[in-house]
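> quick one, what's the 3D model for this:
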Amino acid sequence: KAMLLLKKKRYQEQLLDKTENQISNLERMVQDIEFTQIEMKVIEGLKIGNECLNKMHQVMSIEEVERIMGETQDAVEYQRQIDEILAGSLTEEDEDAILEELNAITQEQMELPEVPSEPLPEKIPEASPVKNRPKPELVAAS
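Take a look at the predicted model:
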C-alpha cells in the first residue's frame, strides 16, 4: 500500500510540474500576443502616416514648390525696385523747390510776444516741511 501511495505521489508531482510548465507557456504566449498587438498598432499608425504623407505629396509637388519660390523671389525683386525708385524719386527741381521753401520759412519774421523787462519775483520757500509718504508697493498679478 505504501508503494502505491509513493507512486501516486510521484505521479501527482509530475502532473504538477507539467501543469506549471503549461501555465508558464500560457503566460509567455499572453505576453507575446500583447506585444504583437502593440506591434500591429505601430504598423497601422505607420501605414496611416505613410498614406497621409503620400496625399500631401500629391497635393504639393516639387515643381509647384519651385514655382512658388520663384514667384516669391520675383515679388521680392519687384518690391526692391519699387523701393529704389521711391528712394531716388526726388529730382534736382524738387530739391531746389524744397530748399526755396526752407529758406522762405526761415526768413519769415515771426511775431513773438514781448519779453518783460522787469526782474522776476523771487520764490519764497514754504514753511511747512514735506512729509515723506511711503509709496504703495506694486504686487504682481498671479
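> tell me which helix or strand comes right after the one helix or strand L86 maps to.
Per DSSP states H and E, L86 falls inside helix 62-87. Proceeding N to C from helix 62-87, the next assigned helix or strand is helix 92-107, under DSSP H and E.
> got the CA positions of that next one in CSV?
Output of helix 92-107 as CSV, limited to C-alpha atoms (Å, rounded to 0.1, in the frame of the first residue of the first chain):
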residue,chain,number,x,y,z
GLU,A,92,17.0,118.4,-58.8
GLU,A,93,14.0,120.6,-59.4
ASP,A,94,12.3,119.1,-56.4
GLU,A,95,15.3,119.6,-54.2
ASP,A,96,15.6,123.2,-55.4
ALA,A,97,11.9,123.8,-54.6
ILE,A,98,12.4,122.3,-51.1
LEU,A,99,15.4,124.5,-50.4
GLU,A,100,13.5,127.6,-51.5
GLU,A,101,10.6,126.7,-49.2
LEU,A,102,13.0,126.1,-46.3
ASN,A,103,14.7,129.5,-46.9
ALA,A,104,11.3,131.2,-47.1
ILE,A,105,10.2,129.7,-43.8
THR,A,106,13.5,130.6,-42.0
GLN,A,107,13.5,134.2,-43.3
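> for it, enumerate the helices and strands it packs against.
Packed against helix 92-107, as judged by 3 or more CB pairs under 8 Å, 6 or more residues apart in numbering; DSSP states H and E, are no other helices or strands. C-beta coordinates here come from the backbone N, C-alpha and C atoms, glycine included.
> so how far is that helix off the chain centroid?
51 Å (CA atoms, centre = their mean, to the nearest Å).
> now that helix: average pLDDT?
Mean pLDDT, helix 92-107: 81.
> same check, this time on stretch 7-25
For stretch 7-25, the mean confidence score works out to 95.
> go on, stretch 64-78?
So the average pLDDT for stretch 64-78 ends up being 91.
> neighbours around V30, how many?
Neighbours of V30 under the rule other CB atoms under 10 Å: 10.
> so how far is S24 from it?
11 Å (CB to CB, to the nearest Å).
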